[in-house]
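Chemist: sequence first, predicted coordinates after that:
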Amino acid sequence: MELSIREIGYGDQSINKKMKIYLNLFHAIVSEIHFWDKLDKNEKLKKLSSFLEDFKEIDILVDYFDDFSVNLKKKTLNFFLKSVSSP
């Protein structure tokens, strides 16, 4: 992420400031979607819309995250760890 910020043209002093902004935004998103499974579709749309104001296809994102959540629940942690092999 730092490299992307540098490619945009920000200097060393600005990078720390931008990283702090991005990190705070990330934590805000995580805290808003913490109980994603308990929200209905309209609430999910509202939450994502607050972070992605100019994005037109938020309903597709909601469906994607719902499918992703279901997929995660079907697999064990060992499935996602490369160094762990199944017996």
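Modeler: Nice, thanks for sending it over. Given the structure is predicted, the values throughout are model-derived calculations rather than measurements.
Chemist: nearest spatial neighbour of residue 10, skipping sequence neighbours?
Modeler: residue 18 (6.0 Å; CB to CB, 6 or more residues apart in numbering). No exception for glycine: its C-beta is placed from N, CA and C like everyone else's.
Chemist: which secondary structure element contains the one you found?
Modeler: helix 12-32 (DSSP states H and E).
Chemist: report the buried residues of that helix.
Modeler: Using 16 or more other CB atoms under 10 Å as the burial criterion, the residues of helix 12-32 that qualify are 15, 18, 32.
Chemist: state the mean pLDDT of it.
Modeler: Helix 12-32 carries an average pLDDT of 87.
Chemist: secondary structure element for residue 69?
Modeler: helix 58-74.
Chemist: list the buried residues of that helix.
Modeler: Buried residues in helix 58-74 (16+ other CB under 10 Å): 58, 62.
Chemist: tell me what it is packed against?
Modeler: helix 41-51 (3 or more CB pairs under 8 Å, 6 or more residues apart in numbering; DSSP states H and E).
Chemist: what's in contact with the helix it packs on?
Modeler: Applying CB atoms under 8 Å, 6 or more residues apart in numbering, the contact partners of helix 41-51 are 25, 28-29, 32-33, 36, 39, 55, 58-59, 61-62, 65-66.
Chemist: for residue 32, which non-adjacent residue is closest in space?
Modeler: residue 47 (5.0 Å).
Chemist: that neighbour: how many residues sit nearby?
Modeler: Residue 47 sits with 17 neighbouring residues when counted by other CB atoms under 10 Å.
Chemist: against residue 66, how distant is it?
Modeler: Using CB to CB, to the nearest Å, residue 47 is found at 13 Å from residue 66.
Chemist: roughly how far is whichever strand or helix holds residue 3 from the heart of the chain?
Modeler: Assessed by DSSP H and E, residue 3 sits inside helix 2-8. Centroid displacement of helix 2-8 relative to its chain, using CA atoms, centre = their mean, to the nearest Å, is 19 Å.
Chemist: having no further points to raise, I will conclude here.
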